[in-house]
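[1] Predicted model and sequence below, questions to follow.
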Amino acid sequence: MLDHHPESPARLQYINAALDAEHWSASLLRREASEICRSDFNRIHPESYVERVQSASPATGIARLDADTSMNPHSLRAARLAAGAVVEAVEEAMGGGAQNAFCAVRPPGHHAESTEAMGFCIFNNIALAAEKALASGAERVAIFDFDVHHGNGTVEIFKDRPEVMVCSSFQYPFYPGRFDDTKAANIVLTPLDEGTQGPAFRAALERDWISAVKRHQPDLILVSAGFDAHRDDPLAGLMLLEDDFLWTAQLLLDFADRYCGKKLVTALEGGYNLEALARSSVAYISALAH
């Protein structure tokens, strides 16, 4: 992607550098991802869409999939690696390996609908992971998305599939403007006003998510972790701090402990102030590591 694009390789570089500075990070098991298998796109992205994205991948220069989503010659492989990382983490969790995982991946995925790339997202990483979990024996999966932007792609993919619950908190009204009006019981939306601070954010999640997860009783919890709800993020207007992301991780870990044998897999979504992204990611990961 363009050097000045907010969704740049520097995002992962900052996260890794911040983790390296933490004494406890030596105990983390770090793994390089493999590209997702073509067969793992199955019910999420049809073959025609995968072929369209592949055909759009440029040999040189930049190709645009939409106004916000660009590809350079390396973007397709990066997107396949991002999806592959989250799918592999689910395989580990479902197979009795690591109980939880944080997938530091890019590009993000939660805006990608079944047949449309948008919002920096090419493939819907978290949806692909949910499908892998179902294929691996899970009967019910819960997805929690706290990115500042509505997880429209994940909702579009699963709104008619009650075995997957999608809970999405987001600034409202805001990008992408595709606020699902489906009244499906498995879709739980938590719109937040611009300027919302930590206490109100926490109260809203407790109000909506605790009852939802109790009702759904998932076999696995997946998380779309967007740190662009931080007050320093340039692309949004919520006012969260690092402690709010630590608290969110602890809430989700409690869900995993209560309902699904501690199995929790997190995929990075947004976060575009590099220093705030790094600090917030470390705060979130610290809960998973302790």
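    Noted; the coordinates are in hand. In this text, all values refer to a predicted model and were calculated from it rather than measured experimentally.

[2] what ranges do the helices span in this protein?
    In the chain, helices defined by DSSP state H lie at 10-20, 47-56, 75-94, 125-135, 152-158, 198-216, 242-259, 274-289, listed in chain order.

[3] could those go into TSV alongside mean neighbour count and distance to residue 116?
    All C-beta spots, glycine's among them, are computed from the backbone N, C-alpha and C. Compiled in TSV, the helices of the chain are given as follows (neighbours: other C-beta atoms under 10 Å; distance: least, C-beta to C-beta, whole Å):
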stretch	mean neighbour count	distance to residue 116
helix 10-20	17	23
helix 47-56	13	8
helix 75-94	23	14
helix 125-135	27	13
helix 152-158	26	8
helix 198-216	16	27
helix 242-259	20	28
helix 274-289	21	26
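
[4] Now render the ones you listed as a markdown table, adding distance to residue 234.
    What follows is the helices of the chain, written out as a markdown table (distance: least, C-beta to C-beta, whole Å):
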| stretch | distance to residue 234 |
| --- | --- |
| helix 10-20 | 13 |
| helix 47-56 | 28 |
| helix 75-94 | 22 |
| helix 125-135 | 23 |
| helix 152-158 | 21 |
| helix 198-216 | 19 |
| helix 242-259 | 17 |
| helix 274-289 | 10 |
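
[5] In CSV, list the ones you listed along with mean pLDDT and distance to residue 176.
    Supplementary listing: those in CSV, determined by pLDDT from 0 to 100; distance: least, C-beta to C-beta, whole Å:
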stretch, mean pLDDT, distance to residue 176
helix 10-20, 98, 20
helix 47-56, 97, 18
helix 75-94, 98, 18
helix 125-135, 98, 16
helix 152-158, 96, 5
helix 198-216, 98, 20
helix 242-259, 98, 22
helix 274-289, 98, 20
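
[6] Of all the ones you listed, which one is nearest residue 114?
    Ranking these by their distance to residue 114 (criterion: C-beta to C-beta) puts helix 152-158 first, at 5.4 Å.
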